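K.L.:
structural data only, the sequence is not supplied:
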């Protein structure tokens, strides 16, 4: 079974500072994908960043980057130069293409507040 | 842009009513999913479908059923709504091979 753990229910960061959100997962699969999704207040869930497990290089998307430690099964999200619009729930997710359904497994989320 | 739409943003129903939640995607995706989102519990998968007329149970299927008669539409049905089904319901779709899931705006269902 696949599990995803986010141990930080709530976090806050000053505007323009850097914050790191933690995520660990458990799997016996070797081929899988990891994701960070963002859900702003009362708005749609959107993809922030994606990492393929076979790629050693950490994914980056503008101010968002990940620290992917495959052996440790850790997948943290770093947000640099935090902006007020980064205030949201952040979900870590795992997917292994095991079957035709391609089920995603989500963590319980981290509520991030950016303080002006 | 991929678009996933859900029939209602807010819905209020009474205990025992039959409830239909509709989801439509416009990108010809094979896979569709229904989740419920509750504080502290994250997203929990109710049902998913990888093809028309195909369905698979997720982690919490009890009290729910689904229907997928057309590729673009995936319906979640609460046969007899109960107060413990008050929640946010999210629909998602993904192509095959999967690169991400695309989410709808959600339906906040309140069962009185």
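P.N.:
Structure's in. What do you need? Small disclaimer: the values here were computed from a predicted structure and weren't measured.
K.L.:
just want the most central residue of chain B.
P.N.:
Central residue of chain B (C-alpha atoms, centre = their mean): residue B:34, 3.0 Å from the mean position.
K.L.:
same deal with chain A?
P.N.:
Closest-to-mean residue, chain A, C-alpha atoms, centre = their mean: residue A:36 / 3.0 Å.
K.L.:
you'd agree that one is in a helix?
P.N.:
No. With DSSP: H, G, I helix; E, B strand; the rest coil as the criterion, residue A:36 is assigned strand and is not in a helix.
K.L.:
contact partners for it?
P.N.:
A:21, A:23, A:47-49, A:64, A:66, A:75, A:77, A:90-93 (C-beta atoms under 8 Å, 6 or more residues apart in numbering or on different chains). C-beta here means a position set from N, CA and C on the backbone, and glycine is covered the same way.
K.L.:
also residue B:64?
P.N.:
So residue B:64 contacts B:34, B:46-47, B:76-79 (C-beta under 8 Å, 6+ apart).
K.L.:
quick one: the residues you listed as TSV, columns for secondary structure and pLDDT too.
P.N.:
Shown next, in TSV, are those (DSSP: H, G, I helix; E, B strand; the rest coil; pLDDT from 0 to 100):
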residue	secondary structure	pLDDT
B:34	strand	97
B:46	strand	96
B:47	strand	96
B:76	strand	98
B:77	strand	98
B:78	strand	97
B:79	coil	94
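K.L.:
please tell me which one of these counts the most neighbours.
P.N.:
residue B:34 (25 neighbours; other C-beta atoms under 10 Å in any protein chain shown).
K.L.:
quick check, nearest of the contacts of residue B:64 to chain A?
P.N.:
Chain A lies nearest to residue B:47 out of the contacts of residue B:64, by C-beta to the nearest C-beta, at 10.0 Å.
K.L.:
show me what that closest one is bridged to.
P.N.:
residue B:34, residue B:57 (DSSP bridges).
K.L.:
thought it was touching residue B:59?
P.N.:
No. In this structure residue B:47 lies outside contact range of residue B:59 using C-beta atoms under 8 Å: 9.9 Å.
K.L.:
how about the residues of chain A near chain B?
P.N.:
A:6, A:9, A:33, A:35, A:37, A:43-47, A:50, A:91, A:93, A:95, A:97, A:99-104, A:106-109 (C-beta under 8 Å from any C-beta of the partner chain).
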